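Student: structure for this input, please:
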Amino acid sequence: QVQLVESGGGLVQAGGSLRLSCAASGRTFSSLAMGWFRQAPGKEREFVGAISWSGAIPDYRDSVKGRFIISRDNALSTVYLQMNSLKPEDTAVYYCAARRRGTIRAENIAYDYWGQGTQVTVSS
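Tutor: Below you'll find the model as predicted:
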């Protein structure tokens, strides 16, 4: 079992930055692939990005490429989502997810564990 706790959400103006953190416990973090997803009101949960167990070459959805960066610190069992140049359309609840198989996937169903989410609101 893996427990995931997100933090770092909040209210920011368009063009600003936030860094989300997701702390994991309960299983060897270094073997897990980690993903970030988001869900805006009235919309389905969507893939934001993911990083493999090794941390090599993260993957991102097109709308955040060049603005968001995923990284991980296996010593701290934490994955980060650095969000820059934020836009109002980035407003959503952001979820951290873990996948036992250490490779990157974009589908919700591929992930085994989920955090409770943290709200990110970008004002125009």
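
Student: element containing the residue most central in space within the chain?
Tutor: The centre of the chain sits closest to residue 36, judged by CA atoms, centre = their mean, with a distance of 2.4 Å. Assessed by DSSP states H and E, residue 36 sits inside strand 33-39.

Student: so what strands line up beside that strand?
Tutor: Here strand 33-39 has these sheet partners by DSSP bridges: strand 46-51 (antiparallel), strand 92-99 (antiparallel).

Student: which of the ones you listed sits closest to residue 107?
Tutor: Of all the strands paired with strand 33-39, strand 46-51 sits nearest to residue 107, with 7.5 Å by CB to CB. Quick note: C-beta positions are derived from backbone N, CA and C, even for glycine.

Student: list of residues touching the helix or strand just after that closest one?
Tutor: Per DSSP H and E, strand 46-51 leads on to strand 59-60 as the next helix or strand towards the C-terminus. Contacts of strand 59-60 with the rest of the structure, by CB atoms under 8 Å, 6 or more residues apart in numbering, involve 48-51, 68, 70, 104, 106.

Student: next helix or strand past strand 59-60?
Tutor: Next element after strand 59-60 (DSSP H and E): strand 68-73.

Student: need the strands paired with strand 33-39 in a markdown table (columns: mean pLDDT, distance to residue 9 and mean neighbour count).
Tutor: Shown next, in a markdown table, are the strands paired with strand 33-39 (pLDDT from 0 to 100; distance: least, CB to CB, whole Å; neighbours: other CB atoms under 10 Å):
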| stretch | mean pLDDT | distance to residue 9 | mean neighbour count |
| --- | --- | --- | --- |
| strand 46-51 | 97 | 13 | 21 |
| strand 92-99 | 98 | 6 | 23 |
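
Student: looking at those, which is closest to residue 28?
Tutor: strand 92-99 (10.9 Å).

Student: who touches the closest one?
Tutor: Here strand 92-99 has contacts from 2, 4, 6, 9, 20, 22, 24, 27, 32-40, 43, 45, 48, 50, 79, 81, 105, 108, 110-120, using CB under 8 Å, 6+ apart.
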